[in-house]
Every structure is written in C-alpha cells, then in structure tokens.
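Q: Attaching a predicted model along with its sequence, questions to come.
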Amino acid sequence: METIQIKDKKFTVSIPEADILREVERVAGEINRDLADKNPLFLSVLNGSFMFTADLMKRITIPCEVSFVKLASYQGIASTGKVKEVIGVNEDLTGRTIVIVEDIIDTGLTMQRLLETLGTRRPKEIHIATLLVKPEKLKVNLDIEYVAMHIPNDFIVGYGLDYDGLGRNYKDIYTVINEE
Ligand code: 5GP
C-alpha cells in the first residue's frame, strides 16, 4: 500500500482519486438538478477546498458564479480564544443563492461561523457543499445538503488538505497511520 511521510507522520492512501471524482460527479449532478435557474454563487473556502472546487466546478453545467473566501484566525479577547473572521466576500450577496464549498466539516464550528457571517449579508438561501464530513465529531446541528463522502474520525491529508502546510498537492486522500 502506498505510504507517504510528512514531517513526523506517515500516511497511507485511504480514498483514491477515482473514488473521489466519482462522488464529486454525483454531488455536481445533484447541484445541477436542484439549483438550475438560480444562478448560484459558489463561495469556495480557501485554502483546503481549492482542488475540490476545481473538480466540482468543471462538472457544474448550470449558469453560476464562483468566488473565494478565507477564514482568518486571530486571538480574540473572548475566553474561547480563537475567533475566525471571514475575509474576501466582495460580492453583493443580497437575494443570492449561495453554495459554500468546503473541504471538510469536523466539529462544524467553522461552518457555523461562515453561515452566521454570510447570513448577515441578506442572501436568499445558503446551501452547503462539502467534500468530507466526520460525523462522529459534529457538535452543531447543520443542514449539510451536498456531501461527497463521510469519513471516520482520523486525520487526513491530500486533495487540498494539509498537514502543517504540506500535502495539499496529492491527488488522493491519505489517512494518518497511528504508530503506537
Ligand atoms: P471544524 O470547524 O468543522 O471542526 O473544522 C473544519 C476545519 O478543520 C477544516 O476546514 C480543516 O481545515 C480542518 N480539519 C478538520 N479535520 C481535518 C483533517 O482530518 N485533516 C486536515 N488536514 N484538516 C482537517
């Protein structure tokens, strides 16, 4: 089985590119069916979702727009510590159908923050499309309509996702090997 080493961790292929693309194709089909005539604005959340966004958008055949946002972490004064700010939303979202394109939903807190922030910009509706969900870790109640794959609660890299900045370039998804 193919393994890679990134810094102190070893990873092994868990989802090959062909399997990823089959599910991306299915999700694109669902969006094409559901959001035709709504001219959706896809908001891709950088950095992790760049590869998913590219493969998804190549399969979207309805009129649409694509833009990119980023979450900037900074130390907040609140006791929760890190606060995430959404940056890069330059479009007028008023009355628009938005599709947030994410790499992975773990606890769901990042997505909750995105929904809160974008919700203040008066969109007509906000849909969620994510490559991956770790259902065991979900802490908040989210209506995740478009999911390529559900995965166990293990750390993964590849296909846009990183470990300490590295590994985003791999075309397959790799899972960490826990060496006890
Ligand atoms: P949440 O706020 O849902 O807990 O976290 C979502 C974010 O955590 C993702 O956008 C991603 O950046 C990061 N994340 C969660 N699980 C993993 C993982 O297994 N691998 C990598 N590389 N990032 C992850």
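A: Cool, the structure landed.
Q: quick one: low-confidence parts of this structure?
A: The chain contains residues with pLDDT under 70 at 74-83, 180.
Q: Just checking: what are the partner strands of the top strand by length along the chain?
A: If each strand of the chain is counted by residues according to DSSP state E, the longest one is strand 65-75. Taking DSSP bridges as the criterion, strand 65-75 forms sheet pairs with strand 41-46 (parallel), strand 82-87 (antiparallel).
Q: Would you mind putting these into CSV with mean neighbour count alongside?
A: Every C-beta, even on glycine, is put in place using the N, C-alpha and C of the backbone. Formatted as CSV, the strands paired with strand 65-75 follow (neighbours: other CB atoms under 10 Å):
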stretch, mean neighbour count
strand 41-46, 22
strand 82-87, 14
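Q: Which among those is found nearest to the ligand?
A: Closest to the ligand of the strands paired with strand 65-75 is strand 41-46 (CB to the nearest ligand atom; 6.9 Å).
Q: Run the chain-centre distance for that closest one.
A: Mean-position distance between strand 41-46 and its chain equals 9 Å (CA atoms, centre = their mean, to the nearest Å).
Q: Quickly note the distance from the closest residue to S14 other than its chain neighbours to K9.
A: Spatial nearest neighbour of S14, excluding adjacent residues (CB to CB, 6 or more residues apart in numbering): T175 at 4.0 Å. Going from T175 to K9 by CB to CB, to the nearest Å gives 10 Å.
Q: circling back to that earlier point, can you list the strands paired with strand 65-75 in JSON lines and add distance to K137?
A: Listed next are the strands paired with strand 65-75 as JSON lines, based on distance: least, CB to CB, whole Å:
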{"stretch": "strand 41-46", "distance to K137": "18"}
{"stretch": "strand 82-87", "distance to K137": "17"}
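Q: tell me the centre residue of this structure?
A: Note on the chain: the residue nearest the mean C-alpha position is E102, at 1.5 Å, using CA atoms, centre = their mean.
Q: Not counting its neighbours along the chain, what's nearest that residue?
A: In space, and not counting its chain neighbours, E102 is closest to T130: 4.3 Å by CB to CB, 6+ apart.
Q: just A148 next, same as before
A: Nearest residue to A148 in three dimensions, chain neighbours excluded: E23, at 4.0 Å (CB to CB, 6+ apart).
Q: Now do the buried residues in the lengthiest helix in the chain.
A: Determined from DSSP state H, the single longest helix within the chain is helix 17-34. For helix 17-34, burial by neighbour count (16 or more other CB atoms under 10 Å) applies to 17, 20-21, 24, 27-28, 31.
Q: And for stretch 171-180?
A: 172-176.
Q: which residues are contacting the host helix or strand of E116?
A: If you go by DSSP states H and E, E116 is part of helix 109-119. Applying CB atoms under 8 Å, 6 or more residues apart in numbering, the contact partners of helix 109-119 are 43, 45, 69, 71, 84, 86, 89, 93, 98, 100, 102, 105, 126, 128, 130, 139-140, 142, 144.
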